[in-house]
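Asker: Provided below for reference: sequence and predicted model.
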Amino acid sequence: MSNTRVNVLVPIDVLSGETIPEPVIELLSGMDVTLLGYHVFPEQTATEQAHDQFHEKVAAELAAYEARFESHGGTVQSRSVFTHDKADTIERVAVEERTGTVLLLNPAPKIERVLVPIRGAVNVDRLAGVTAALAATAGLEIRLFHVTDEDGVEAGETLLADARQSFVDAGVNEERLTTEVAVAEQPIEALKSAADTTDFVIMGEHEPSILDIILGEASTKVADSSLSPVLVVRTGKHKNTESE
Amino acid sequence: MADGPAADSEAPSLGETTNSTTVTAEGSELERTIGLTGGLTIGIGTMIGAGIFVFPGLAAGNAGPAASASFGIGAVVALLVALPTSELATAMPKSGGGYYFISRGMGAAFGAIVGISLWLGLVFATAFYLVGFGEYAVAVLIEIGVPAPAGAGPIGIVPVLGVIFGLLLTGISVAGTENTTKLQNAIVSLLLGILAVFLGFGVLDALGVFGTESTPETYAPFGIGPVLSTAALVFTSYLGFAQVATVAGEMKEPGRNLPLAMVGSVVVVGALYVITIFVATSAFPSATLDGFGETAIVEVARSYLGRPGAIAILIAGLLATVSSANASILSASRALYATSRDAFVPQSVSRVNLKYGTPHLALALVGGPTVVLVGTGQTELLAEVASFLHLLMYGLICITLIVLRRRSPAWYQPSFTVPGYPIVPIVGGIASFAMIAFMQPLSQIIGAFVIVSAGGWYLFYARDVTIDAVVNNE
């Protein structure tokens, strides 16, 4: 599974001045990228109204990014959406495009060290596949990371040893792969401080859905405080949202 | 809510309208984010402020217990219009609602007049709700024992409070606060809860469950004429179902949700209104209700449930009038956008300010005239002019339906069709125009003046405007 191409959805709020850092473009050049240019307008504004005024600007920005991805040899397509609800839009497009991963943008001056938090055995193979696909094009240092309480250290060591094997099997360079079990009362806090010292985070979509990871308080804290891009690996089953 | 057919999870193609998005001719997408609950909330939230919390006293004073028939007539007329509006909305699920249908079905001149009078009709309606809000705010002050400020009686305070709140609401809209939908949903649920308790208790009491059955008063003490003119007056309580169509471009599963939201909201509020009047006229003689004025329903609640009941209804009245005013401001801004898109008014009017993401000028053009009208404090006049301008549109919507059915252009593919065609749109159209005939002369004069002015604007500013074809299937 190491050679399967991974597709990634990159939501970008161009009208708010969000940008894709050059190292991220480079890193994603081996993946099938879908750029999702979006902007959230409040209910006071009809999406049509926003579209009439801003669609040219969004299209121009997306075209410029497409050119940059292509100059790195990447394959890229783009969509632009005017919405009242970011979660609805990202979920819908991810399902329509059947994207396995979603990238949360953050500044990234360079990408060398990658943190992969492992919560359980469930999603490890998918995480390994995505990590291998990324690491193939760049010499990345990968740190597998598990947070637990004092009673769970032994189980955590076993989990990471197994995970490490999966990553190696998937094609990740063994010499650049480290593991760490951290003991903490507050998993989120531990994750945050680990993310602080890395340039890029690859994490799975667990019980809280992708929307919670993207928008929920816990993961927003991770994304905000780590200030590095977070690649969220979706679970296989694509359930539809029930947002009303 | 389950998503629609399997095709929903394919990327939509150019010009396509799916259950969750619209792809524009330029290839961008417009996310549909408002569900059935959101649609019902817009309809019910817009309407409920007036019929229960402002009109019962005035209506009972004019028509006696037969005011419930006036509300019933209003509900029937509203339904007869809601059905054709639903069909048109499912064929053209675009921003702008009635304006869009009429301009596409009947041409530029009708479009321009309806667009401008819809904007002003919503301004009058918003002003009316805000005067109602002022009445409730004053009643709350009196209830908690704040003495009226020296030198200004309650009559002076009502418009002042209405104006202050109108400015506040406009400011909030311009700032583009998030989660107003959730707040609006919560308010409408709370209102329906309070009303269910109050009306449930009132009905049981009126039927004699808790003691002696109330003495019935002559049902229509003033005859049939006042019943009809009261129906025209209280029709303002039904302006709201068509507002659902102004956000048609943002509704999920428009083919299903638009008709359900429009018809459903009319049925819900119509039933509530009729029961409210029944309960109110069972509690007090009509003349007493009339004496209570705009906040009569508070006294009705007090008679059944004591001071806690009165306080609950006072709070409900504040929430209901604010929710109606807020929803109308948003609809009016959508109406201005739709007319400016077609260049009937300068396109700069609906420019979106990227900092707040809102059309600040359009919102100001709604909020500004609104507070001026609130300053007059003329409840009945504001209500009737608002109804006049909406009824004109409703009548034209019915005619548009018939025109489009007969012309049957290729793009006209409604997923909901009016039952009982052509009777329903014909009766709906006639009833809409007939309502106007039963209004006070002054309201008719002001309404006619607005329409003539809109026509003048069209001839002066926009005579050479041609409107784009319907863009569903470009």
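Answerer: On my side now, so go ahead.
Asker: hang on, isn't B:Gln413 packed against B:Met92?
Answerer: No - if you go by CB atoms under 8 Å, B:Gln413 and B:Met92 don't touch, sitting 9.9 Å apart. In this view, the C-beta of every residue, glycine as well, is placed from N, C-alpha and C.
Asker: Which is the succeeding secondary structure element to the helix of greatest length in chain B?
Answerer: Longest helix of chain B, by residue count under DSSP state H: helix B:296-341. Per DSSP states H and E, the first helix or strand lying C-terminal to helix B:296-341 is helix B:360-374.
Asker: What are the buried residues along that next one?
Answerer: B:360-367, B:369-371, B:373-374 (16 or more other CB atoms under 10 Å in any protein chain shown).
Asker: sorry, back to before: quick one: the longest helix of chain B to chain centroid distance?
Answerer: On the basis of CA atoms, centre = their mean, to the nearest Å, helix B:296-341 sits 11 Å off its chain's mean C-alpha point.
Asker: And chain A, is it touching that?
Answerer: Yes - judged by CB under 8 Å from any CB of the partner chain, helix B:296-341 comes into contact with chain A through B:Leu330, B:Ser333, B:Arg334, B:Tyr337, B:Arg341.
Asker: what is the mean pLDDT for that helix?
Answerer: In this model, helix B:296-341 has an average pLDDT of 91.
Asker: now it against helix B:360-374, angle please.
Answerer: 140 degrees (axes from the mean of the first three to the mean of the last three CA atoms, to 10 degrees).
Asker: Going along the chain, name the strands of chain A.
Answerer: Secondary structure of chain A, counting by DSSP state E: strands at A:7-12, A:32-40, A:75-83, A:101-104, A:113-117, A:141-148, A:177-183, A:200-204, A:230-233.
Asker: Any chance of the ones you listed in a markdown table with distance to chain B and mean pLDDT as columns?
Answerer: Conversion of the strands of chain A to a markdown table gives the following (distance: least, CB to the nearest CB, whole Å; pLDDT from 0 to 100):
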| stretch | distance to chain B | mean pLDDT |
| --- | --- | --- |
| strand A:7-12 | 12 | 92 |
| strand A:32-40 | 7 | 93 |
| strand A:75-83 | 4 | 93 |
| strand A:101-104 | 16 | 88 |
| strand A:113-117 | 29 | 90 |
| strand A:141-148 | 32 | 90 |
| strand A:177-183 | 35 | 91 |
| strand A:200-204 | 22 | 87 |
| strand A:230-233 | 19 | 87 |
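Asker: what sits against the residue nearest to A:Arg126 when sequence neighbours are not counted?
Answerer: Nearest non-adjacent residue to A:Arg126, counting by CB to CB, 6 or more residues apart in numbering or on different chains: A:Val233, 5.4 Å away. By CB atoms under 8 Å, 6 or more residues apart in numbering or on different chains, the residues touching A:Val233 are A:Gly100, A:Thr101, A:Asn123, A:Arg126, A:Leu127, A:Val130, A:Ile202, A:Met203, A:Gly204, A:Glu205.
Asker: Now do the closest residue to chain A within the stretch 101-250 of chain B: how many residues are near it, please.
Answerer: Of all residues in the stretch 101-250 of chain B, the one sitting closest to chain A is B:Gly176 (3.6 Å; CB to the nearest CB). For B:Gly176, the neighbour count with other CB atoms under 10 Å in any protein chain shown is 22.
Asker: quick one: pLDDT of the closest residue to it other than its chain neighbours?
Answerer: Closest residue to B:Gly176 apart from its sequence neighbours, by CB to CB, 6+ apart: A:Pro42 at 3.6 Å. Note for A:Pro42: predicted pLDDT of 89.
Asker: related to what we said a few turns ago, which of the contacts of A:Val233 sit farthest apart?
Answerer: Pairwise distances across the contacts of A:Val233 peak at 13.3 Å for A:Gly100 and A:Met203 (criterion: CB to CB).
Asker: what are the phi and psi values for B:Ile144?
Answerer: Main-chain torsions, B:Ile144, degrees, to the nearest 10: phi -90, psi 10.
Asker: Oops, could you answer that again for B:Val160 instead?
Answerer: Dihedral angles for B:Val160 - degrees, to the nearest 10 - are phi -60, psi -50.
Asker: Excluding chain neighbours, what is closest to it?
Answerer: B:Val160 sits nearest to B:Gly134 (CB to CB, 6+ apart), 7.4 Å away.
Asker: Just the element for that neighbour, please.
Answerer: helix B:108-143.
Asker: got the angle for that helix vs helix B:296-341?
Answerer: Using the same axes, to 10 degrees: helix B:108-143 against helix B:296-341 is 150 degrees.
Asker: Can you verify my assumption that B:Met251 contacts B:Pro93?
Answerer: Yes - with contact defined as CB under 8 Å, B:Met251 reaches B:Pro93; the gap is 6.7 Å.
Asker: Can you check which residues contact both of these two?
Answerer: By CB under 8 Å, 6+ apart, the residues touching both B:Met251 and B:Pro93 are B:Leu258.
Asker: In three-state terms, label B:Thr22 for me.
Answerer: Secondary structure assignment for B:Thr22 (DSSP: H, G, I helix; E, B strand; the rest coil): strand.
Asker: just to revisit the earlier point, out of B:Gln413 and B:Met92, which sits in the more crowded spot?
Answerer: Taking other CB under 10 Å, B:Gln413 and B:Met92 do not tie; B:Met92 has more neighbours (25 against 11).
Asker: Now that that one has come up, it's in contact with B:Ile102, right?
Answerer: No - applying CB under 8 Å, one finds B:Met92 not in contact with B:Ile102, separated by 10.6 Å.
Asker: that older thread, how much space is there between the residue nearest to B:Val160 and B:Leu373?
Answerer: Counting by CB to CB, to the nearest Å, the separation of B:Gly134 from B:Leu373 is 12 Å.
Asker: try A:Arg113
Answerer: 64 Å.
Asker: again with B:Gly72
Answerer: Relative to B:Leu373, B:Gly72 is positioned 29 Å away (CB to CB).
Asker: what's the answer for A:Arg5, then?
Answerer: 62 Å.
Asker: And for B:Ile275?
Answerer: From B:Ile275 to B:Leu373 the distance is 31 Å (CB to CB).
Asker: what residue ranges in chain A score low on pLDDT?
Answerer: A:1-4, A:137-138, A:206-226, A:236-244 (pLDDT under 70).
Asker: Quick one: residues contacting B:Ile402.
Answerer: B:Pro422, B:Pro425, B:Ile426, B:Gly429.
Asker: Let's see that with 6 Å instead.
Answerer: The contact partners of B:Ile402, taken as CB atoms under 6 Å, 6 or more residues apart in numbering or on different chains, are B:Pro425.
Asker: In three-state terms, label it for me.
Answerer: Reducing the assignment at B:Ile402 to three states with three-state DSSP gives helix.
Asker: and it, how far is that from B:Ser117?
Answerer: 21 Å.
Asker: What of B:Ser282?
Answerer: 39 Å.
Asker: What about A:Lys86, how many residues nearby?
Answerer: Neighbours of A:Lys86 (other CB under 10 Å): 19.
Asker: what about the residue lying closest to it once chain neighbours are set aside, neighbour count?
Answerer: Setting aside the residues directly before and after it, A:Lys86 is nearest to A:Val40 in space (CB to CB, 6+ apart), at 5.2 Å. Under the neighbour criterion other CB under 10 Å, A:Val40 is assigned a count of 22.
Asker: Okay then, goodbye and thanks.
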